[in-house]
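Trainee: starting from these lines, generate the structure:
(chains A, B, C and D)
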There are 4 protein chains.
Amino acid sequence: MLGLRMWTRTVPLVGRGAWNREQIHTSTATRSQPGRLNLSGIYPPIATPFTAKEDVDYCRLAENLQKYAKMPFRGLVVQGSNGEYPYLTEEERVEVVRVVRRSLQPEKLLMAGSGCESTAATVQLTEKMAAAGADAALVVTPCFYKGKMKSGALIQHYTKVADNSPLPVVLYSVPANTGVDLPLEAVVQLSQHPNIIGLKDSGGDITRIGLIVHKTKEQDFQVLAGSAGFLMAAYCVGAVGGVCALANVLGPELCELERLCLSGSWEEARVLQQRLIEPNAAVTRDLGVPGLKQAMEWFGFHGGTTRSPLQPLTEAEIRQLRQDFSSNGWL
Amino acid sequence: MLGLRMWTRTVPLVGRGAWNREQIHTSTATRSQPGRLNLSGIYPPIATPFTAKEDVDYCRLAENLQKYAKMPFRGLVVQGSNGEYPYLTEEERVEVVRVVRRSLQPEKLLMAGSGCESTAATVQLTEKMAAAGADAALVVTPCFYKGKMKSGALIQHYTKVADNSPLPVVLYSVPANTGVDLPLEAVVQLSQHPNIIGLKDSGGDITRIGLIVHKTKEQDFQVLAGSAGFLMAAYCVGAVGGVCALANVLGPELCELERLCLSGSWEEARVLQQRLIEPNAAVTRDLGVPGLKQAMEWFGFHGGTTRSPLQPLTEAEIRQLRQDFSSNGWL
Amino acid sequence: MLGLRMWTRTVPLVGRGAWNREQIHTSTATRSQPGRLNLSGIYPPIATPFTAKEDVDYCRLAENLQKYAKMPFRGLVVQGSNGEYPYLTEEERVEVVRVVRRSLQPEKLLMAGSGCESTAATVQLTEKMAAAGADAALVVTPCFYKGKMKSGALIQHYTKVADNSPLPVVLYSVPANTGVDLPLEAVVQLSQHPNIIGLKDSGGDITRIGLIVHKTKEQDFQVLAGSAGFLMAAYCVGAVGGVCALANVLGPELCELERLCLSGSWEEARVLQQRLIEPNAAVTRDLGVPGLKQAMEWFGFHGGTTRSPLQPLTEAEIRQLRQDFSSNGWL
Amino acid sequence: MLGLRMWTRTVPLVGRGAWNREQIHTSTATRSQPGRLNLSGIYPPIATPFTAKEDVDYCRLAENLQKYAKMPFRGLVVQGSNGEYPYLTEEERVEVVRVVRRSLQPEKLLMAGSGCESTAATVQLTEKMAAAGADAALVVTPCFYKGKMKSGALIQHYTKVADNSPLPVVLYSVPANTGVDLPLEAVVQLSQHPNIIGLKDSGGDITRIGLIVHKTKEQDFQVLAGSAGFLMAAYCVGAVGGVCALANVLGPELCELERLCLSGSWEEARVLQQRLIEPNAAVTRDLGVPGLKQAMEWFGFHGGTTRSPLQPLTEAEIRQLRQDFSSNGWL
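Mentor: Residues are numbered from 1 along each chain as shown, chains lettered A, B, ... in the order given. Alright, predicted model coming up:
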């Protein structure tokens, strides 16, 4: 088992403190073109804390960031779906990125969500995100005119964005929110663009993910699982990491799952993965951002309120949430 | 047949020029509370013309408005889905409303789309739309976190918007774009809010529309069909008008369909309605805004390009579009 | 039971000609080719009563039929979805038709569901239904391999069935059960077959129904609404009748709705239609056949149990069902 | 055909123990209760060959069986979706099982599809399948009244079937055909029934599959992947085998994928898995049973025609099918 041997080499480094990602990541680095940004690893798509008046609470954000800084994340995603970006003004979106950059270790990646409905707005926001210190742009599919968001339109959109972007672009498909699943043929074609380096796939169709890895294997194209529920399976079929809401809550555990997968410890990985499915479903599909923020509170982070129209959890929902964590041994 | 008799009275007025809506509308006026805005009638949700550089083309917009001014519309919807509002900046959204107001006859209604993803942004934009001269606010369902946009969240959202709105609010459900169908129980509850006066329903479920009319009959709640494809059926079950993309192209014909329905000329109405279904599908579900804008060109309006990521029609699509109009005798 | 009493009062009028179906139907008769079966009117898709041991209860069936015989239905549908035909053996399906035929007045139509998954089985069952005394065959779309049930396959299927059928064939699209919506282009092409005379459309998309009427207007093709929820709207756009589960319960009321639509009494029709939507939804979409059978008990018919895996209603469902009838004045 | 040649070479090794299934399977055997049937392994859900007249071609079936007998399958599934069971009469369904049993090695499992719409019919057919020699019953979810096929109804259905079945029961969820996804809570509850031993899950939601394994881990409950597209991922999260249409065509390759997964050769497994995704999609989702049967012809099996309403492939579809195999190196 090659994986395990490789891992054995790196264990001592891990023993010395935070386990050494760079060495582990050499296993996937062979896929990388010289100079291309290596996305491999785990990212929390960070939540945006608000004050009681629903203003962005930069103070509490900073406190969360200090805690995340101690975890072996590859970096942070700012303005993913869990960041409530559709509820932020453009100014807020950029300012949050600027604030995160300021506190983030230089070796950590800052992936900033810069997708808007129109191509022009996306191009502009991507530029602003670059100026604010982002390392990569995570660009969600436009979705309002979903009947027209076919391969051709999406290829045009992403091509224009990538042509103009000072940052490498990561495609972002999250059909549960957008109602649009970036078509496989569009992904394959876009993977050939020199400034499009990967995909965050939150749809969870593992057959599709495997096929994307297969059909882009000639490119330096990196697939990230968009949810913790299928993280292990995604590693199994060739993904290089994950952007997982649950990493806001159980960050070290998700990094441990990464380690187990990369080291070929599949039996242990499976046990850990299985314990993460229900908590993950609770803070994503079932209870959404309000659920995520509630769970963050239990685990020592600032979650707090969401912006309206998202609603606080009911008592029954809070009980369900707690049950999903406690029945799996996390609370 | 009461309908026909009533119509007979108004025919002479029609003969004298633009047919007299006020008299026709007395049939529905009994549903209106004193002082409530009467929404009854046909509205084009106007398209936004762009220059070659994708700037808003106010000049061509003005020319379109002059043509619409000669048609017996109840008013105009500005920033409906066909106005490409998700591709406009907030400033553009407001400015377009201001420009339309300036050229619109005072007796015509200006219904402005002011929906945003967050409640706070919707409240603010609604205020700006009021300041820009809108008569009513058309508020689309927020939709990004569609798994969380249940009745409770939507009732809260619309209640806050309506509480704060200087304008009467019209609910707007357009599931083909949003993936959210405003639940019937939310509509019924919101219909009791003094500042929520109606619903534009683009879903086209005629059973639902009939039930909404039924369950809000104690309120002064006005339902508008959101598409020409089911306009006659909607009148049949109690709607008071329609906001129809096709009215940008075949405005007089849709007003004639209204007249036939209101006057009880159902046989003639049916013949006309049937000829409108395919052209309507072509400029909405099948080919979207690019199709609508192309058809506008054929009928003497400025359509022009859309903003990216919407794409121009292919040659095959243009042929299909033409066929859908010509096979029904419109070209 | 107001409904039944009311009906009793109006029966004599029907006999005397105040509501003479034959005359009313001449309005649609102009569409009929000489010799083609006129489908116009209302049909209950009858439920199949079972004994406590889940055998077909022919005795209770006969008693229901006696009651239906007094109502001005155009005929009966036997083995529609509400007849639990998927739970009957082939022998039972045929025997039920035979029994119904024996008690049915000769001038009433017996439309028998003869659809099976395979074309060959459908051909054979259609022949048996003819031998058992059916007047027309109602043929549901095959649906198991739904990904392959495209226009081409369905056109082949129905063409073979109609070629071989001793009975005129009525197409039957019920996507809520089958997951297949018979495509419009298939309907249009099949409408040209000399032995395919109509469509029962239970999907309820009124735009589609209007377009089907429009595009088959050169043929003698008759569209029946497949549910009471959109019966009035369907008449409005050109349907000639309805096959409505609710007619098992509120038969006279549905016939009255037909009369109001055909006589142009649209205002009265609307009031009646609106009161029928919730009871109809309760016995179809919401609570299904168990709901229908429970409601039948309240209105003097034998409903009784369903076959497993359909389950009896819970107490809460029974309350909901009662509420849906009582809040609309039927109980 | 590289695949078959390769297999020929490896067969002796299997005999000699280099790939000893029994030993490999001990890794999962620890989950088995004493005496419970071990389902672990790969199964083709065999196709049913027909003569030109659409009769079952038992002769060609026998020839296929002889070829399958040389492959290290755990057994065969007879009357899965790919067996066109909805197009067979009950007599044919049982007779095919009887014929397969006669030619099948005694140590190979015969899993027979015995699901019908009604509970009573399913109970009866399961008994007949037992009498015909089946080792286990694969029971598809009833689906016609899909709105009513909730957890409660399905739990009742399967419990009655399992209570009465002489054979151990395997649940079968195939939402692409049925429109019903057996709810997770129903699976979990049913896993506690002593006569329900596993699940064939063809939905492909890997998060769900992982969670089912997790939540049934106290039971002796075995999950089989229902398609080759996610076979490796399913092994990864705890499945014990697969029932894969593609095994009718590339049986040895799927058994090799099993071997690689069970032996922890994940890198090699990934390469092989990826090459199987497109061929698998071609013979399932894209082109269905007609595609499967066409591909079988190319690989030396009898595929032949399907029963109507399934249609033969078009020339374009045949080209697409060939391309999906050849571009992955199988043709």
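Trainee: where does the stretch 151-300 of chain A come near chain B, residue by residue?
Mentor: The stretch 151-300 of chain A comes close to chain B at residues A:152-154, A:156-157, A:160, A:176-179, A:285, A:288-290, as judged by Cβ under 8 Å from any Cβ of the partner chain. Every residue, glycine included, has its C-beta placed from N, CA and C.
Trainee: try 10 Å this time
Mentor: For the stretch 151-300 of chain A, the contact set with chain B under Cβ under 10 Å from any Cβ of the partner chain comprises A:152-158, A:160-161, A:174-180, A:284-291.
Trainee: now, these that are in strands?
Mentor: In strands, defined here by DSSP state E, there are no members of these.
Trainee: burial count for the nearest residue to A:P166 once chain neighbours are set aside?
Mentor: Distance criterion Cβ to Cβ, 6 or more residues apart in numbering or on different chains; nearest residue to A:P166, sequence neighbours excluded, is A:A130 at 4.1 Å. Other residues lying near A:A130 total 18 when counted by other Cβ atoms under 10 Å in any protein chain shown.
Trainee: which residues in the stretch 201-331 of chain A form helices?
Mentor: For the stretch 201-331 of chain A, the helices defined by DSSP state H, counting those that start in this stretch occupy A:206-215, A:231-237, A:251-262, A:266-281, A:288-298, A:315-326.
Trainee: let's have the ones you listed in CSV, adding mean pLDDT and distance to chain D.
Mentor: As requested, these are exported to CSV (pLDDT from 0 to 100; distance: least, Cβ to the nearest Cβ, whole Å):
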stretch, mean pLDDT, distance to chain D
helix A:206-215, 98, 4
helix A:231-237, 98, 4
helix A:251-262, 98, 9
helix A:266-281, 98, 4
helix A:288-298, 98, 16
helix A:315-326, 98, 11
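Trainee: and these, which is most packed in?
Mentor: Highest mean neighbour count of the helices of the stretch 201-331 of chain A: helix A:231-237, a mean of 28 (counted as mean count of other Cβ atoms under 10 Å in any protein chain shown).
Trainee: what's it packed up against?
Mentor: If you count contacts as 3 or more Cβ pairs under 10 Å, 6 or more residues apart in numbering or on different chains; DSSP states H and E, helix A:231-237 packs onto helix A:206-215, strand A:222-225, strand A:241-243, helix A:251-262, helix A:266-281, helix D:206-215, helix D:231-237, helix D:266-281.
Trainee: how about the nearest residue to the most centrally placed residue in chain A, chain neighbours excluded?
Mentor: In chain A, the residue lying closest to the centroid (Cα atoms, centre = their mean) is A:V243, at 2.2 Å. In this structure, A:V243 finds its nearest non-sequential neighbour in A:Y43, 4.6 Å apart by Cβ to Cβ, 6+ apart.
Trainee: how close does that neighbour sit to chain B?
Mentor: 20 Å (Cβ to the nearest Cβ, to the nearest Å).
Trainee: and A:E267, by the same measure?
Mentor: Counting by Cβ to the nearest Cβ - A:E267 and chain B are separated by 33 Å.
Trainee: go ahead and confirm that residue touches D:V237.
Mentor: No: if you go by Cβ atoms under 10 Å, A:E267 and D:V237 don't touch, sitting 11.6 Å apart.
Trainee: next, show the common contact partners of those two.
Mentor: Common contact partners of A:E267 and D:V237 (Cβ atoms under 10 Å, 6 or more residues apart in numbering or on different chains): none.
Trainee: circling back to that earlier point, what about the residue nearest to A:P166, distance to B:T122?
Mentor: 30 Å (Cβ to Cβ, to the nearest Å).
Trainee: next: A:R208.
Mentor: From A:R208 to B:T122 the distance is 35 Å (Cβ to Cβ).
Trainee: now swap in A:P309 and tell me
Mentor: With Cβ to Cβ as the criterion, A:P309 and B:T122 are 9 Å apart.
Trainee: got it, and A:T306?
Mentor: Distance from A:T306 to B:T122, counting by Cβ to Cβ: 16 Å.
Trainee: confidence-wise, which helix or strand of chain A is lowest on average?
Mentor: The least trusted helix or strand in chain A, going by mean pLDDT, DSSP states H and E, turns out to be helix A:2-15, with a mean of 28.
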